[in-house]
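Visitor: Build me a model from this:
(one chain, ligands or ions: 1)
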Amino acid sequence: MSLPLDCLFCKFVAGTLATEIVAQNERAIAFRDINPQAPVHVLVIPREHYADVATLAAADPQALADLIELAQEVALDEADGEYRLIFNSGPLAGQSVFHVHGHVLGGRKLGWTPA
Ligand code: DGP
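Guide: The predicted structure is shown next:
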């Protein structure tokens, strides 16, 4: 699959743009969100470009499993393994970057009021 040249998160994967990578495995990387909504707010993304989580699940279920494994690893390291994992899918749901990413949120008691 060819990588979209204008994809911000593909540039983080390729290392052509710098970001603070906190964990990684063969198929996925984790880095801090630029606009944290909780004491722990880390994004987990597959190294390969897929637009959203359903597309990733259909094309490469193992890559999604590897992504979730990395989210769990980050949460164990930073939030005692208690966390929320959110995939915004589509602009109406708040997706603004179209390289699939899970938001790992934790580090405090989380409310339940999606705005
Ligand atoms: P979403 O709205 O679900 O598509 O989430 C996109 C997230 O990406 C948002 O929470 C902010 C984060 N983000 C956007 N630009 C950058 C960036 O340049 N660096 C980092 N670390 N995060 C970014």
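Visitor: List the buried residues for the longest strand belonging to the chain?
Guide: As far as residue count goes, and with DSSP state E defining each element, the longest strand of the chain is strand 40-46. Neighbour-count burial for strand 40-46 flags 40, 41, 42, 43, 44, 45, 46 (criterion: 16 or more other C-beta atoms under 10 Å). Any C-beta I mention is one placed from the backbone N, CA and C, and that applies to glycine too.
Visitor: Neighbours of residue 10, how many?
Guide: By other C-beta atoms under 10 Å, 18 other residues sit near residue 10.
Visitor: May I have the beta-bridge partners of the most centrally placed residue in the chain?
Guide: The centre of the chain sits closest to residue 44, judged by C-alpha atoms, centre = their mean, with a distance of 2.5 Å. Note on residue 44: beta-bridge partners residue 30, residue 102, judged by DSSP bridges.
Visitor: on that earlier part again, which one of the buried residues of strand 40-46 sits closest to the ligand?
Guide: residue 43 (6.0 Å; C-beta to the nearest ligand atom).
Visitor: Check whether residue 88 really touches residue 100, as I assumed.
Guide: No. Counting by C-beta atoms under 8 Å, residue 88 stays clear of residue 100, with 9.7 Å between them.
Visitor: what about these two, which has more around it?
Guide: residue 100 (26 against 18).
Visitor: Roughly how far does that one sit from the ligand?
Guide: 9 Å (C-beta to the nearest ligand atom, to the nearest Å).
Visitor: Do you know the pLDDT at that residue?
Guide: Listed pLDDT for residue 100 reads 98.
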